[in-house]
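[1] need a 3D model of the following:
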Amino acid sequence: MPLVDVQLIEGVFTAEQKQQMIQKITDTMVDIEGEAMRPVTWVRVQEFASGNWGIGGQGMTTADVKALAAK
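    All right, here's what the predicted structure looks like:
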């Protein structure tokens, strides 16, 4: 039974985008191992508060991620 954790900064992705992630990750596991994997594939989306995620010694905020995506 695969368990896939997706960790995100809160407020970056919409509820619809997170649902798409869950569906596509599950579909990928099914593509690899077959349809029998669908009912036993768990995908967890965990969100961290803005500023509680650091890269290179600097805290990242929701605004920082959105600014990077806009480039």
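[2] helices of the protein, residue ranges please.
    Here the chain has its helices, by DSSP state H, at 15-33, 62-70.
[3] export those to a markdown table and tack on mean pLDDT, distance to Leu8 and mean neighbour count?
    C-beta: built from backbone N, CA, C; applies to glycine. Listed next are the helices of the chain as a markdown table, based on pLDDT from 0 to 100; distance: least, CB to CB, whole Å; neighbours: other CB atoms under 10 Å:
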| stretch | mean pLDDT | distance to Leu8 | mean neighbour count |
| --- | --- | --- | --- |
| helix 15-33 | 97 | 8 | 13 |
| helix 62-70 | 91 | 9 | 12 |
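[4] can I get those helices in JSON lines with distance to Ser50?
    Formatted as JSON lines, the helices of the chain follow (distance: least, CB to CB, whole Å):
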{"stretch": "helix 15-33", "distance to Ser50": "16"}
{"stretch": "helix 62-70", "distance to Ser50": "4"}
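[5] so which of those helices gets nearest Ile9?
    helix 62-70 (5.5 Å; CB to CB).
[6] who are the packing partners of the closest one?
    Using 3 or more CB pairs under 8 Å, 6 or more residues apart in numbering; DSSP states H and E as the contact test, no helix or strand touches helix 62-70.
[7] contacts for that helix?
    Ile9, Glu10, Gly11, Val12, Ser50 (CB atoms under 8 Å, 6 or more residues apart in numbering).
[8] try 10 Å
    8-13, 49-51, 53, 55, 58, 60-61 (CB atoms under 10 Å, 6 or more residues apart in numbering).
[9] same check, this time on stretch 32-47
    So stretch 32-47 is contacted by 1-13, 15, 17-19, 21-31, 53 (CB under 10 Å, 6+ apart).
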